[in-house]
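> Generate coordinates for the sequence data below:
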Amino acid sequence: MTSQPDDFVAVQLLAILNDADAPEGDQLDAAMDLEDHSGAWFEQEIFEILRRERFESVLAQVCAESLAGIWARQSRIDQGFFPELHGPALREVLGILGARAPHLIPAGTGED
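Residues are numbered from 1 along each chain as shown. This next block holds a predicted model:
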C-alpha cells in the first residue's frame, strides 16, 4: 500500500473532490490543478474519482485531462488503469496524450 504524499496542496485538492457538499465550481477548479502534482497514492485517488463518476461527468473529464497531463509530464501511463478508461474521460486522455506525448498511447487504443 502506498502512503499519502507529503504534498499538502494535493491532499487538499483531493479533499475538495471527495467532498459531496463542495460547490461544483470548486471541484472543477481543484480538478484542473491536479496536473501539477503526482505520486502513486495521488493517482490512485484520481482513478477512484474517475470510477465514481463513471468516466462520464464534466468532473471526470477534467480529472482525466489532468491525469493525462501527469502522464505526459512523467512520460508514462498506468498500464493497469488505462484499459478502464472509456467515454468522455478516454477522449480527454487521448486528446492530451495525442498533443503532448503521442508515444504513450497504447497501440490499438480507440474510443468506445
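> any idea which element the residue nearest the centre of the chain lies in?
Nearest to the geometric centre of the chain sits residue 67, at 3.1 Å (C-alpha atoms, centre = their mean). Element membership for residue 67 (DSSP states H and E) is helix 58-74.
> For that helix, output the C-alpha coordinates as CSV.
C-alpha atoms of helix 58-74 as CSV (Å, rounded to 0.1, in the frame of the first residue of the first chain):
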residue,chain,number,x,y,z
VAL,A,58,-17.7,17.0,-16.5
LEU,A,59,-15.7,16.5,-13.3
ALA,A,60,-14.4,13.1,-14.7
GLN,A,61,-13.4,14.8,-17.9
VAL,A,62,-11.4,17.5,-16.1
CYS,A,63,-9.8,14.9,-13.8
ALA,A,64,-8.9,12.8,-16.9
GLU,A,65,-7.3,15.8,-18.6
SER,A,66,-5.2,16.4,-15.5
LEU,A,67,-4.3,12.7,-15.2
ALA,A,68,-3.1,12.7,-18.9
GLY,A,69,-1.1,15.8,-18.1
ILE,A,70,0.6,14.0,-15.3
TRP,A,71,1.3,11.0,-17.5
ALA,A,72,2.7,13.2,-20.3
ARG,A,73,4.9,15.1,-17.9
GLN,A,74,6.3,11.8,-16.4
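> Other residues contacting the helix or strand following that helix?
Downstream of helix 58-74, the first helix or strand assigned by DSSP H and E is helix 87-100. Residues outside helix 87-100 that contact it (C-beta atoms under 8 Å, 6 or more residues apart in numbering) are 50, 53-56, 60-65, 67-69, 71-72, 77, 82, 85, 104-105, 109, 111-112. Using the backbone N, CA and C atoms, a C-beta is placed for each residue, glycine as well.
> Kindly recompute the last result at 10 Å.
Contact with helix 87-100 is made by 35, 50-51, 53-73, 75, 77, 82-85, 102-106, 109-112, as judged by C-beta atoms under 10 Å, 6 or more residues apart in numbering.
> Can you select the buried ones from the residues you listed in PyMOL?
Buried residues among these (16 or more other C-beta atoms under 10 Å), as a PyMOL selection:
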select buried, resi 35+50+53+55+57+59+60+61+62+63+64+65+66+67+68+69+70+71+72+77+82+85+104+105
